[in-house]
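Chemist: Predicted coordinates and the sequence they were generated for:
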Amino acid sequence: MAYRFWEDAEVELTSADEGDIWAGYDPEKALKAFRETAGSLKEIDADARIAAIYRAREEGTRPISRP
């Protein structure tokens with residue numbers, strides 16, 4: 001099932017309650033992904049990012065014209 005939220009964006013929703021969620025799990029593939037992405041966020045200023053998140057929560061993220 002696909003939903004269109006914006007003119008150029010489409011999101012597809014699928015049901016995860018079909019059978020065993022771990023059926024296709026590959027621990028070696030997961031470890032490889034963790035190792036490849038390790039340290040990828042080390043350049044981000046965590047305090048600044050957290051402050052930006054709290055500021056967005058207070059200000060809101062939707063335009064005033066949209067409910």
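Modeler: The structure has been received and is ready for your questions. Numbering: from 1, shown residues only.
Chemist: which residue ranges form the strands in this structure?
Modeler: Using DSSP state E, the strands of the chain run over residues 2-6, 9-12.
Chemist: Ranked by average pLDDT, which of these falls at the bottom?
Modeler: In terms of mean pLDDT, the lowest-scoring of the strands of the chain is strand 2-6 (a mean of 52).
Chemist: I'd like to know the average pLDDT value across the longest helix anywhere in the chain.
Modeler: Ranked by residue count, the top helix of the chain under DSSP state H comes out as helix 46-59. Mean per-residue pLDDT for helix 46-59: 90.
Chemist: What is the neighbour count of residue 40?
Modeler: A count of nearby residues for residue 40, using other Cβ atoms under 10 Å, gives 8. For glycine as for every other residue, the C-beta is placed from the backbone atoms N, C-alpha and C.
Chemist: What separation do you get for it and residue 34?
Modeler: Noted for residue 40: a distance of 11 Å to residue 34, by Cβ to Cβ, to the nearest Å.
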